[in-house]
Every structure is written in C-alpha cells, then in structure tokens.
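sequence below, structure please.
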Amino acid sequence: MVCYGFKGGIGTSSRKADGYTVGVLVQCNCGRRAQLRIAGVPVGQEITGNEPYASNFRRAGEDVGSIIIVVATDAPLLPHQLKRLARRASLGLARTGSSSGNGSGDIFIAFSTANADAGRTSGLVNLTMVPNDEMNRLFEATVQATEEAIVNAMVGAETMTGFEGHTVIALPHDRLQAALKRYNRLGQ
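Residues are numbered from 1 along each chain as shown. Next comes the predicted model:
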C-alpha cells in the first residue's frame, strides 16, 4: 500500500456528533506525493526524495491506486441517509489532496448499528431516524474522521521492503513535524 508516495495501509479515526459516534476505517493506497496535504500544509511538496519504485511506471500526473473508506455510526440512519454519509468521505479524502483520478478505484460505504430489528423478515418493524435537517454534524464528523484516518494510516506505517527489494518509505515524522512547524500548524 502506497499512500501519496509513502507507505500506506489501514488507518482509523472517530468523532462524536450530537451524542452519536462516527467511526472511519480507511485502506489507503492512493495519491501522488505532490498532492499530499496535512492540516492544509503541502507536505508532499515539502518532503521530497525516496519516491516509491511504482512512480517509474506511472504517466506524469496520473493518479492510480485505490482507497476503501468504511464509515460506521450508531446514529439511526436509513439507507438513503447512509448513502449521503458515505459521499462525505470523499470530502475528507480531498482534504488530504486527492482528486480521485481516472485510474483510481475508490470505494466508500457506510452502515449504522442502530435499528437492530431492521433485518426482521416478518411483521412490522419500527425504525427511527435522524431527521435529514439534523445531519450536518454527522457529515462534518465523517469528513474530519476520514481525513484523520488517512493521516493516521501514513503516520502509523513503517518503511517496507518488498518484492525484488523495492522499498517504500514511511512518512518521516521529523520532516513532517518540521513542515507543519514552518506553516504554524504545530502547537507549542
């Protein structure tokens, strides 16, 4: 898994919104180094060198790879609302710099653990739902948790050497901190 030219993989994050929890799990293998933004900082342009071997096979500017984003919540949402929530994951991905290019295979899904009886096969089922007009905080939580899960996947990854000795470096924490500090994004 190569995420923005660094070692990627699985990352998670969650947020509380209006008494509910929104959790996000990402499997990230997408983006080009120059696209990477963290906290609005063009980190991919600040941290250069050690590009992964796969970049040799990409056409200039091509975004290949894929990301899978799973959004889970305990908010009582119906299928059409979950579809709306899943679409917000793309905004969190965009905050990290991705434009989801033509070669990118992106999958976003969402589910709710509420309405446990919804799967009953007989009788009437009572369902509850958050009104559509009260979903904005859930949307915001999804965007923020998605962005953070992607960053967490890279920050938690370790440099790896694989097939035929090809190495993908982990996001260097010291250089990341230096870049964030240059843009006044690191707390004192």
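
show residues contacting stretch 165-178.
Contact with stretch 165-178 is made by 2, 6-7, 38, 43, 46-47, 50, 52-54, 154-155, 157-162, 186, as judged by Cβ atoms under 8 Å, 6 or more residues apart in numbering. (C-beta placed from N, C-alpha, C; glycine too.)

buried sites along that stretch?
168-171, 176 (16 or more other Cβ atoms under 10 Å).

which of these fall within helices?
Assignment to helices by DSSP state H places the following of these there: residue 176.

which of the buried residues of stretch 165-178 fall within strands?
Among the buried residues of stretch 165-178, the members falling in strands (DSSP state E) are residue 168.

any idea which of the buried residues of stretch 165-178 is closest to residue 99?
Nearest to residue 99 among the buried residues of stretch 165-178: residue 171, at 20.0 Å, using Cβ to Cβ.

quick one: buried ones out of the contacts of stretch 165-178?
Applying 16+ other Cβ under 10 Å to the contacts of stretch 165-178, the neighbour count classes 2, 6-7, 38, 43, 46-47, 52, 154, 157 as buried.

could you dump the residues you listed into CSV with secondary structure, distance to residue 137 and pLDDT added?
Converted to CSV, the buried ones among the contacts of stretch 165-178 look like this (DSSP: H, G, I helix; E, B strand; the rest coil; distance: Cβ to Cβ, whole Å; pLDDT from 0 to 100):
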residue, secondary structure, distance to residue 137, pLDDT
2, strand, 34, 91
6, strand, 32, 94
7, strand, 33, 95
38, strand, 24, 97
43, helix, 28, 96
46, helix, 33, 94
47, coil, 34, 94
52, coil, 38, 70
154, helix, 27, 97
157, coil, 30, 96
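
which SS class is the residue of the chain most remote from its centre?
Ranking residues of the chain by C-alpha distance from their mean position (Cα atoms, centre = their mean) puts residue 123 at the top, at 39.2 Å. Assigned state for residue 123: coil (three-state reduction, DSSP: H, G, I helix; E, B strand; the rest coil).

that one and residue 155, how far apart?
48 Å (Cβ to Cβ, to the nearest Å).

which parts of the chain are strands?
Listed in chain order, the strands of the chain (DSSP E) span 2-3, 6-7, 9-17, 20-29, 64-73, 103-112, 160-161, 167-168.

what sits against residue 42?
Neighbours of residue 42 in contact, by Cβ under 8 Å, 6+ apart: 36, 97.

now residue 101. Its backbone dihedrals?
Dihedral angles of residue 101 (phi, psi; degrees, to the nearest 10) stand at phi -60, psi 170.

where are the low-confidence patches of this protein?
53-64, 103, 188 (pLDDT under 70).
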